[in-house]
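Colleague: Sharing a model prediction with you, sequence too.
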Amino acid sequence: MLELRNDELTEADPLESAILDAAASCVLDLGPDRMTIAEIARRANLSRPTIYRRWPSVEAIAVALLTREILTVAGRAPWQGDNREALVARAVAVADLVGRSPVFEELLLASPQMFMTYTFQRLGTSQRALIDVIAGALELGQAGGSIRAGDPRQLAAMVLLTVQSTIQSARMVEPILDAAALRAELTHLLNGYLRP
């Protein structure tokens, strides 16, 4: 079974965890636009220079927080097999869990410019990690015959784009696709794309 890892964030570092926990509480209590280094430092019981040694700005902390949140939430999604159905079920669960994350929701609503960078300009840490995990799962499904042939990383990138777009646009289409309908349609779409 493949696991989602968070190596690049050095999450085991208690100081970085404390800073990101403080940032999360700022996002939830004050909103991302009112988050400051001084407030993060106060909530983490640290000095501002300690925080600046790790991240150069509030924006950089917000990106690190977003990455941690996506990887943490995605890591909670159930993983129940090595076939297409299991991969699709996990992708749909990740979309649902990430979309309902209070930290993710606050960042998406208040800081759309941050999402624009990672939607249109470059892959971020969480996106690269998710592509790696999806590609590994695709390889297993291909070996078992439940997933069509093709470059696993290319297929993984398309799965990521589909799920990412679904998460970011779910609110917009909510009058047409409620949460249950969105999950059903995303399941149908991914199964159709990956079926041999």
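Modeller: It's in.
Colleague: What's the first helix or strand after the worst-scoring helix or strand of the chain on mean pLDDT?
Modeller: For the chain, the helix or strand with the lowest mean confidence is helix 112-116, at a mean of 62 (criterion: mean pLDDT, DSSP states H and E). Moving toward the C-terminus from helix 112-116, the next helix or strand (DSSP states H and E) is helix 125-144.
Colleague: in that following helix, what counts as buried?
Modeller: Residues 125-127, 129-142 are the ones in helix 125-144 that count as buried (16 or more other Cβ atoms under 10 Å). To be clear about C-beta, it is placed using only N, CA and C from the backbone, and glycine gets the same treatment.
Colleague: Quick one: mean pLDDT over it.
Modeller: Helix 125-144 carries an average pLDDT of 92.
Colleague: Likewise for stretch 41-53?
Modeller: For stretch 41-53, mean pLDDT is 96.
Colleague: quick one: buried residues of that stretch?
Modeller: The neighbour-count criterion (16+ other Cβ under 10 Å) identifies 41, 43, 44, 46, 51 as the buried residues of stretch 41-53.
Colleague: could I get the residues you listed as a markdown table with secondary structure and distance to residue 87?
Modeller: A markdown table is the format used below for the buried residues of stretch 41-53 (DSSP: H, G, I helix; E, B strand; the rest coil; distance: Cβ to Cβ, whole Å):
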| residue | secondary structure | distance to residue 87 |
| --- | --- | --- |
| 41 | helix | 42 |
| 43 | helix | 38 |
| 44 | helix | 38 |
| 46 | coil | 41 |
| 51 | helix | 38 |
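Colleague: which pair in these spans the largest distance?
Modeller: 43 and 51 (10.7 Å; Cβ to Cβ).
Colleague: before we move on, back to that, so which of the buried residues of stretch 41-53 is the closest to residue 100?
Modeller: Nearest to residue 100 among these: residue 43, at 23.9 Å, using Cβ to Cβ.
Colleague: For the closest one, which residues are in contact?
Modeller: Listed by Cβ atoms under 8 Å, 6 or more residues apart in numbering, the contact partners of residue 43 are 22, 25, 26.
Colleague: ok, it to residue 50 distance?
Modeller: Separation of residue 43 from residue 50 (Cβ to Cβ, to the nearest Å) stands at 13 Å.
Colleague: And residue 146, by the same measure?
Modeller: If you measure residue 146 against residue 50 using Cβ to Cβ, the figure is 49 Å.
Colleague: before we move on, what about residue 59?
Modeller: From residue 59 to residue 50 the distance is 18 Å (Cβ to Cβ).
Colleague: and if you look at residue 135?
Modeller: Distance, residue 135 to residue 50, using Cβ to Cβ: 37 Å.
Colleague: so how far is residue 82 from the nearest residue to residue 87 once chain neighbours are set aside?
Modeller: Nearest residue to residue 87 in three dimensions, chain neighbours excluded: residue 137, at 4.7 Å (Cβ to Cβ, 6 or more residues apart in numbering). The gap separating residue 137 from residue 82 is 7 Å, by Cβ to Cβ.
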